[in-house]
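In: sharing a model prediction with you, sequence too.
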Amino acid sequence: MQGGTVAVIGGSIAGCAFASAAARAGADEVVVLERTRGRLADRGLGLCVHDERAAELAATGALPAGIAAHRLTRRRWVVRDAAAGPAGRMFWEQPFPFHSYHWGLLWSGLREAMPASVAYRQGVAVTGVSADGGRARVRLAGGAAEQYDLAVGADGYRSVVRETVCRTSRPEYAGYVCWRGNFDARRLVETGEAHWPRDAVATVCFEGGSCVVYRIPGPDGLRVNWVLYAAPPKSGRLRLDDPTSFPPGQVTDELAAALAELLERGFPPYWARVISLTDAEHTYVQPIYDLASEHTTAGRFLLAGDAAVVARPHTTSGAAKALQDASAFETAWRRSASWDELLDAYRAARWAAGRELVALARRLGRAQVERTPAWAVMDARGAQAWWRDQLADAADIGGQAMAAPKPAAG
């Protein structure tokens, strides 16, 4: 299939990847509609991509070469233990074949690799979409409307495209939050001790939660990135119905106090000190949500990335999943003779995979936050058995290998 017009609604990682895929596959016109006006590259969050997923995505062109990444090889699970010293007791070290990325640098790499034919329009808010004579009608803020042969919803948690594809599918609050933060890795000298190899991820375990700490590349050198999962303070004053309720610099005093108390009560002193090096402008709180859309396509609409699936971050697969969606979309396009065939092939490739990812993330969330084991008495043998139980039929975290399409009802 050649030709046609495609609107990609949302211009972050999934949006850039889908726009490039559509252009490479042969679309006549590809337009990205991104509502924000600021620099998306300024987002300093960390993420990881499994080495095997990265190799697959590089081979398909979905992951461009040359994007800064930091190699990780092992994950150390630690628990507070005064007898073991300030860094706590490491009860298990498992292989961790991943590379870490800076969100903004990954986005920049995807944006720069986008074919010149793609029109990337910022400051364009999409208020809704609808079917219009077998095409996709995209309504913009201000009242204007545009028509395309296909509209891709890469617009995240609050997707307006999802309202048309499957109105009943909405993100559900998981009952806990994650604190996130990052800081210049050179500040680690302020801890006074070196307990942490550069290639190691640390998972600090405490009653009612866990915290993952690792290094990421940054615009000016390595940074330390951390994600801490725990229940929020029990207060009616906190709104937790928005996935980005407390962005950087806007964390409430109540939440900041809860974090400080948690560090003092549950963390080994060294790791509490590491987390406390984070400045307020680089700290935020994100309520954790689940979403597995009942459908990934409808009419001339398609859901991508977080618009289709919101999996708790425990699977370490969010970015890989978005890029795999784009890769599957390009493959489906090249093998299809019509829009209907394209959408059917994409649905078959990604619907089941997305739902399986959400199921795994829920199991990991229950095990690492909601129903934590007795970390204090855990040893390597017990940790390995516990981990296998959580994975169930999944091979590992980091996302599934790309596979041949399966029949799917979604």
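Out: Everything's here; your move. Numbering: from 1, shown residues only.

In: and the gap between the residue lying closest to Gly399 once chain neighbours are set aside and Thr252?
Out: Leaving aside its sequence neighbours, Gly399 sits nearest to Ser317 (C-beta to C-beta, 6 or more residues apart in numbering; 3.6 Å). Any C-beta I mention is one placed from the backbone N, CA and C, and that applies to glycine too. Going from Ser317 to Thr252 by C-beta to C-beta, to the nearest Å gives 30 Å.

In: which one of these two is surrounded by more residues?
Out: Each of Ser317 and Thr252 has its neighbours counted (other C-beta atoms under 10 Å); Ser317 has more, 25 against 15.

In: and the more buried one, what is it in contact with?
Out: 50, 53, 311, 357, 397-399 (C-beta atoms under 8 Å, 6 or more residues apart in numbering).

In: return the subset of these lying in helices.
Out: Counting by DSSP state H, the part of these found in helices is 53, 357.

In: which one of the contacts of Ser317 is nearest Pro115?
Out: Arg53 (23.3 Å; C-beta to C-beta).

In: does the closest one touch Gly398 like I think?
Out: Yes. Applying C-beta atoms under 8 Å, one finds Arg53 in contact with Gly398, separated by 6.0 Å.

In: the two: which is more packed in?
Out: Arg53 (27 against 22).

In: pop out the phi and psi values for the residue most central in space within the chain.
Out: Nearest to the mean C-alpha position of the chain, by C-alpha atoms, centre = their mean, lies Gly318 at 3.2 Å. Per-residue torsions, Gly318: phi -60, psi -50 (degrees, to the nearest 10).

In: surely it meets Gly46?
Out: No. If you go by C-beta under 8 Å, Gly318 and Gly46 don't touch, sitting 11.4 Å apart.

In: would CSV of the contacts of Ser317 with distance to Phe267 and pLDDT be doable?
Out: Formatted as CSV, these follow (distance: C-beta to C-beta, whole Å; pLDDT from 0 to 100):
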residue, distance to Phe267, pLDDT
His50, 27, 98
Arg53, 31, 97
Ala311, 26, 95
Leu357, 29, 95
Ile397, 23, 96
Gly398, 26, 97
Gly399, 29, 94
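
In: re the thing from before, which residues does the residue nearest to the centre of the chain contact?
Out: 47, 306, 311.

In: so what does the helix or strand that contains the first one touch, helix or strand wise?
Out: In other words, Leu47. Using DSSP states H and E, Leu47 sits within strand 46-50. Here strand 46-50 touches strand 89-102, helix 103-112, strand 209-216, strand 223-230, helix 318-334, going by 3 or more C-beta pairs under 8 Å, 6 or more residues apart in numbering; DSSP states H and E.
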